[in-house]
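Engineer: Let me see the structure of the following:
(2 chains)
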Number of protein chains: 2
Amino acid sequence: MTCAVLSIGTELTRGELVNSNAAWLFASLTDLGFDVSLGATVDDDEPRILRELERLAQTSRVIVCTGGLGPTTDDITTLAVANLLGVSLERDEASLEHIRRRLAKFGRTLTETNAKQADFPKGAEILANPVGTAPGFSVRIGTALAFFMPGVPREMKRMFEEQVVPRIRDLAPNDSYQIRLRTFGLPESTVGERLDGVAQAFPGITIGYRAHFPEIEVKVLARGATQAAARDLCERATLEVKQRLSDVIYGEADDTFAGVTGRLLRKKEYTLAVAESCTGGLVGHLLTREPGASDFLLVDVVTYANSAKTRLLGIDEEVIRGHGAVSSEVACAMAEGVKRVSGADVSLSLTGIAGPSGGSPEKPVGTVFIAVAGPSGVKVVERHFPGDRHQIQTLAAYVGLNLVRQMCGAPG
Amino acid sequence: MTCAVLSIGTELTRGELVNSNAAWLFASLTDLGFDVSLGATVDDDEPRILRELERLAQTSRVIVCTGGLGPTTDDITTLAVANLLGVSLERDEASLEHIRRRLAKFGRTLTETNAKQADFPKGAEILANPVGTAPGFSVRIGTALAFFMPGVPREMKRMFEEQVVPRIRDLAPNDSYQIRLRTFGLPESTVGERLDGVAQAFPGITIGYRAHFPEIEVKVLARGATQAAARDLCERATLEVKQRLSDVIYGEADDTFAGVTGRLLRKKEYTLAVAESCTGGLVGHLLTREPGASDFLLVDVVTYANSAKTRLLGIDEEVIRGHGAVSSEVACAMAEGVKRVSGADVSLSLTGIAGPSGGSPEKPVGTVFIAVAGPSGVKVVERHFPGDRHQIQTLAAYVGLNLVRQMCGAPG
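Structural biologist: Got it, this is the predicted structure:
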């Protein structure tokens, strides 16, 4: 059973709006167990809307459409559908009353422009819109069941859940199960090589990858005779995947790297202090983007200027002068300094050259020194990261958090 | 001349990713003067990729595709194109060398999995990828010119601008001109109301809006007999728009809010120190995401724990105990403290409750105190932001940067 999503609107094909509706519908249909293989976006142009609907109806059993149901002249979806089916538009009195009452609530009276939203292709099933003016509708196009909803996300989502889901739920095969694993530390190609042969060893398994810099997400998707069989297959294959990637898997599903690091710190009852330079607050931002960082994070001092390193962290000016601000000596002094001034159990420091300028032959752009100080002393690493400023900052932050994870007992 | 955008990837049709690439390409092609009427999204399935390409080639003169050029087995775009054209894949030695060198930079050696990314349909024109492994390519499909680029946004955008634009620019009707203005401080509907009637007063002008939280971008698009006429019309309409939105426009085109703030600080030759709490390093991250922040930013102290506020900024424990860490008194003490310990000319502090927990009836989630200290004293504001944790943090950071802008003489 395949499904397609059709998004209608010139604001979409002009790029004035990111099509988050489509992603939401794709995800919802996938969660229901459908195999969604196709999406289309088309401007408010009748011949093109017709052509897209005809085409999608040939390959999909369910078509979910959004947009073009508004009151203005550029909203022509309803008329296009009537023309496609060769039927006339008919005004629905109940919908007209709904629109009239809704407008009255906002102190407005019904005009012919609004009344147009109560017109539907003859024979269409009407889909209530409890949170907006325009109702949706459903028709058959050939063997396909097509649903038309407003483009306003809030109205669309409510209508989909209340009106569309009950009408299509039983059509989904419901024979798949997926586990998502999150990794950091290997490039996509190496992750792929490590998993060579897993799909072959477990028939019914598909392995998917998604790069979200600097992470690679591994998706283990199983299809089986029943969902229970799919789940069992998925779990067995995932065991194999976990063994092959044990050193780089840090979490599952919606885990984040900083969130998992925080969890480990909490478990160990360690407090953390951070001193950043080239990463400019990114480590702190990653850690505090999620709730609960106040359980362990005492302070993040972004000492951009050398004077700040001296004044706030008590680093000897001579050390900075002698070794340069980007050096293992200064990284260590920053980690020890922020640990001392904050009283934290563990501290992390990063100093480097994120570029684009500031590099030298000895210390090119991408050079970063990262130090971790903990109960068992200080560890410092020198790394040379490739990429642009944003990538260097991100990689440095991740490697720093990874050192904290390891200090808390994580593998890798 | 019509254009189509094809997005390839099962992660898209499963809704795991919002297709921001397509919106970016739609907007870029529109900006170039193309009439973009159609977009399609398809999973990593060869027959379906073939069918979409064939279909789009019948109605579009330019097809821009993203995704499916990665090294793993689910990346099959290149092979699909070769099969569509009935040609074999040929390995390109120059691309292979590029990939080899790029991998070497990361300390890795070339494997057959990577080498696959140097295979192209025979006769294809290769599109360089200076910021990633996979080059793109271009072929003719019937009368259509088709471009294939990686799905990684950073690589795709660079390749589009450097490789695709020069190849298609002359195909656009070239009768339009657009100016983009960046605003912060008003909701989209209010921005729209303020600009009521501008399009009518300047025939040929279309006003578009793009919300990118918490900013609203206003696009003034002009079409004319020639591009010079369009430009003249656009500039006249933009003057009117600027007058109506003078208090909320902070920049144009690709300006960023933090970048503009930094520019003002540099112009005034002010150094800046930041003390954050609820924003957790976001202000520092926004300021240092771009090069050159070291010109003015001395330090950003993220004092998450009260002890850090006392130990690093010298805030009296009594003040925190008496007024609470989230109070105008503590915000002022943080701003004054970080200014004193860093020796900066201007300082910014933020303390608040980003949620989801930690709120109280007196100080609900979203309460944030923001203080700015400068040559002419301290200013503190209390704000109550709506939304979730991420939105509260972002709004607080923007309002804080805005206070710094105003201290440097910006309007608003």
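Engineer: Would you map the strands across the stretch 251-400 of chain A?
Structural biologist: Per DSSP state E, counting those that start in this stretch, the stretch 251-400 of chain A carries strands over the ranges A:272-276, A:297-303, A:346-352, A:367-374, A:377-384.
Engineer: Within range of chain B, give me the residues from the stretch 1-150 of chain A.
Structural biologist: By CB under 8 Å from any CB of the partner chain, the residues of the stretch 1-150 of chain A that approach chain B are A:5, A:7, A:11-20, A:22-30, A:36-43, A:45, A:48, A:52, A:55. No exception for glycine: its C-beta is placed from N, CA and C like everyone else's.
Engineer: one more time with 7 Å
Structural biologist: Residues of the stretch 1-150 of chain A found near chain B (CB under 7 Å from any CB of the partner chain) are A:13-20, A:22-24, A:26-27, A:30, A:36-43, A:45, A:48.
Engineer: can I get the strands of the stretch 251-400 of chain A in CSV with mean neighbour count, distance to chain B and mean pLDDT?
Structural biologist: Listed next are the strands of the stretch 251-400 of chain A as CSV, based on neighbours: other CB atoms under 10 Å in any protein chain shown; distance: least, CB to the nearest CB, whole Å; pLDDT from 0 to 100:
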stretch, mean neighbour count, distance to chain B, mean pLDDT
strand A:272-276, 32, 8, 97
strand A:297-303, 30, 4, 95
strand A:346-352, 29, 12, 97
strand A:367-374, 25, 14, 97
strand A:377-384, 15, 9, 95
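Engineer: before we move on, back to that, now, which of the residues of the stretch 1-150 of chain A next to chain B lie within helices?
Structural biologist: Mapping those onto helices (DSSP state H) picks out A:13, A:20, A:22-24, A:26-27, A:30, A:48.
Engineer: Most neighbours among those, please name it.
Structural biologist: Within these, residue A:13 tops the neighbour count with 31 neighbours, counted by other CB atoms under 10 Å in any protein chain shown.
Engineer: Identify the bridge partners of residue A:219.
Structural biologist: Beta bridges link residue A:219 to residue A:180, residue A:208, judged by DSSP bridges.
Engineer: What is the burial count for it?
Structural biologist: 19.
Engineer: from memory it sits against residue A:178, does it?
Structural biologist: Yes. Residue A:219 is within contact range of residue A:178, at 6.0 Å (criterion: CB atoms under 7 Å).
Engineer: Can you name the residues of the stretch 201-350 of chain A sitting close to chain B?
Structural biologist: Counting by CB under 7 Å from any CB, the stretch 201-350 of chain A sits next to chain B at A:208-211, A:280-282, A:284-285, A:287-289, A:291, A:293-294, A:297-305, A:307-308, A:311-312, A:341-343.
Engineer: give me the element residue A:51 is part of.
Structural biologist: Residue A:51 is part of helix A:46-59 when elements are defined by DSSP states H and E.
Engineer: Show me the strands paired with the helix or strand following that helix, marking each as parallel or antiparallel.
Structural biologist: Later in the chain than helix A:46-59, the nearest helix or strand by DSSP H and E is strand A:62-66. As defined by DSSP bridges, the strand partners of strand A:62-66 come to strand A:2-8 (parallel), strand A:144-149 (parallel).
Engineer: how far does stretch A:28-45 stretch from start to finish?
Structural biologist: End-to-end span of stretch A:28-45 (CA to CA, to the nearest Å): 27 Å.
Engineer: Quick one: list the elements packing against the least confident helix or strand in chain A by mean pLDDT.
Structural biologist: Here the helix or strand of chain A ranked lowest by mean pLDDT, DSSP states H and E is helix A:112-115, holding a mean of 82. Packed against helix A:112-115 by the contact rule (3 or more CB pairs under 7 Å, 6 or more residues apart in numbering or on different chains; DSSP states H and E) you find helix A:93-105.
Engineer: hmm, back to that, pick the most deeply packed of the strands paired with strand A:62-66.
Structural biologist: Highest mean neighbour count among the strands paired with strand A:62-66 (mean count of other CB atoms under 10 Å in any protein chain shown): strand A:2-8, with a mean of 26.
Engineer: now it and helix B:46-59, what's the angle there?
Structural biologist: Counting by axes from the mean of the first three to the mean of the last three CA atoms, to 10 degrees, strand A:2-8 lies at 30 degrees to helix B:46-59.
Engineer: distance between strand A:2-8 and the chain's centre?
Structural biologist: Relative to the chain's own centre, strand A:2-8 is displaced by 21 Å; criterion: CA atoms, centre = their mean, to the nearest Å.
Engineer: Now do the residue of chain A most remote from its centre against residue A:278, distance only.
Structural biologist: Taking CA atoms, centre = their mean, the residue of chain A most remote from its mean C-alpha position is residue A:318, at 46.0 Å. Using CB to CB, to the nearest Å, we find residue A:318 at a distance of 22 Å from residue A:278.
Engineer: Same question for residue A:372.
Structural biologist: 16 Å.
Engineer: ok, now residue A:147?
Structural biologist: Relative to residue A:278, residue A:147 is positioned 51 Å away (CB to CB).
Engineer: quick one, what contacts residue A:149?
Structural biologist: Contact analysis of residue A:149 by CB atoms under 7 Å, 6 or more residues apart in numbering or on different chains lists A:65-66, A:127, A:136, A:156, A:159-160.
Engineer: any idea which of those residues is closest to chain B?
Structural biologist: Nearest to chain B among those is residue A:160, at 12.5 Å by CB to the nearest CB.
Engineer: sorry, back to before: mark which of the residues of the stretch 201-350 of chain A next to chain B are part of helices, please.
Structural biologist: Applying DSSP H to those, the entries found in helices are A:282, A:284-285, A:287-288, A:307-308, A:311-312, A:341-342.
Engineer: Turn the residues you listed into a markdown table, columns for distance to residue A:122.
Structural biologist: Putting these into a markdown table (distance: CB to CB, whole Å) gives the following:
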| residue | distance to residue A:122 |
| --- | --- |
| A:282 | 59 |
| A:284 | 61 |
| A:285 | 56 |
| A:287 | 59 |
| A:288 | 57 |
| A:307 | 77 |
| A:308 | 73 |
| A:311 | 78 |
| A:312 | 74 |
| A:341 | 76 |
| A:342 | 72 |
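Engineer: how's chain A carved up into domains?
Structural biologist: A:2-171, A:176-252, A:258-407 (automatic domain parsing).
Engineer: which of those is buried the deepest?
Structural biologist: The most buried one of the domains of chain A (mean count of other CB under 10 Å) is domain A:258-407, showing a mean of 22.
Engineer: pLDDT below threshold where in chain A?
Structural biologist: Along chain A, segments meeting pLDDT under 70 span A:1, A:412.
Engineer: switch the cut-off to 80
Structural biologist: Residues of chain A that meet the criterion pLDDT under 80 lie in A:1, A:70-74, A:105-108, A:113, A:174, A:211, A:411-412.
Engineer: In contact with residue A:84, which residues?
Structural biologist: Taking CB under 7 Å, 6+ apart as the contact definition, residue A:84 lies against A:50, A:53-54, A:141.
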